[in-house]
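Chemist: requesting a structural model of the entry that follows:
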Amino acid sequence: MSINFERFVQRGGWWVVAQFALFVLILVAFTGNRTAGPVLTFVGWALVGLAVVIGGSGLWMLRNKLTPMPAPAAGAILLQGGPYAIVRHPIYSGVVLGFLGLAVRGANPVAGLLALSLVPFFYAKTLQEERLLTVRFPEYAAYQRQVRYRILPWLL
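Modeler: Numbers count the residues shown, from 1 in each chain. Just a heads-up that it's a prediction; the model follows:
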């Protein structure tokens with residue numbers, strides 16, 4: 001199996017490498033989890049549950065068109081219903097909320113800060129992603145105006 005490095009770069013492969021590195025850092029930080037009290041445990045699991053609903057439904061709707069690359073997959077369609085009617089990138093929402101929820105549940109401020117660092121990272125990644133989506137789907141600009149939030153509903 002050979003990797004076409006030029007195509008990897010053109011499709012935004014370095015974003016995937018950086019994303020994987022952030023995920024590894026967060027997972028390493030989870031080794032410092034402590035026992036949280038009942039309130040933090042509840043809030044943490046509630047965030048994880050919300051992550052599963054938002055991110056999981058986004059994954060389900062994309063199914064075989066999912067790609068970690070900023071460039072849309074071959075045969076991709078523009079999704080505008082379900083979680084995509086609330087936030088333009090619900091899978092990123094799910095990742096942020098899930099990691100944040102686990103950090104809260106584990107009373108782990110380092111993992112929490114690293115989870116929050118995903119927000120500006122995903123925001124920057126979506127800048128490239130949305131440029132490519134606008135080229136691929138001319139109606140994407142109207143969708144952006146209709147669905148204001150990129151990652152976190154009512155925040156960003």
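Chemist: immediately after the longest helix anywhere in the chain, which helix or strand?
Modeler: If you go by DSSP state H, the chain has its longest helix at helix 109-136. Following helix 109-136 in sequence order, the next helix or strand is helix 140-146 (DSSP states H and E).
Chemist: just say helix, strand or coil for the residue nearest the centre of the chain.
Modeler: When C-alpha atoms, centre = their mean is applied to the chain, the residue found nearest the centroid is residue 92 (1.3 Å). Residue 92 falls in the helix class when you classify it by DSSP: H, G, I helix; E, B strand; the rest coil.
Chemist: the helices in this protein, which residues?
Modeler: Here the chain has its helices, by DSSP H, at 5-10, 13-29, 38-62, 90-105, 109-136, 140-146.
Chemist: could you give the number of residues near residue 103?
Modeler: 27 (other C-beta atoms under 10 Å). All C-beta spots, glycine's among them, are computed from the backbone N, C-alpha and C.
Chemist: out of the helices of the chain, which is closest to residue 154?
Modeler: Shortest distance between residue 154 and these, using C-beta to C-beta, is found for helix 90-105: 11.3 Å.
Chemist: relative to helix 13-29, how tilted is the closest one?
Modeler: Calculated by axes from the mean of the first three to the mean of the last three C-alpha atoms, to 10 degrees, helix 90-105 forms an angle of 20 degrees with helix 13-29.
Chemist: which other helices and strands contact helix 90-105?
Modeler: Secondary-structure packing of helix 90-105 (3 or more C-beta pairs under 8 Å, 6 or more residues apart in numbering; DSSP states H and E): helix 38-62, helix 109-136.
Chemist: in TSV: those helices, plus mean pLDDT and distance to residue 72.
Modeler: Listed next are those as TSV, based on pLDDT from 0 to 100; distance: least, C-beta to C-beta, whole Å:
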stretch	mean pLDDT	distance to residue 72
helix 38-62	96	10
helix 109-136	95	5
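Chemist: turn these into a markdown table, columns for distance to residue 100.
Modeler: Supplementary listing: these in a markdown table, determined by distance: least, C-beta to C-beta, whole Å:
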| stretch | distance to residue 100 |
| --- | --- |
| helix 38-62 | 6 |
| helix 109-136 | 4 |
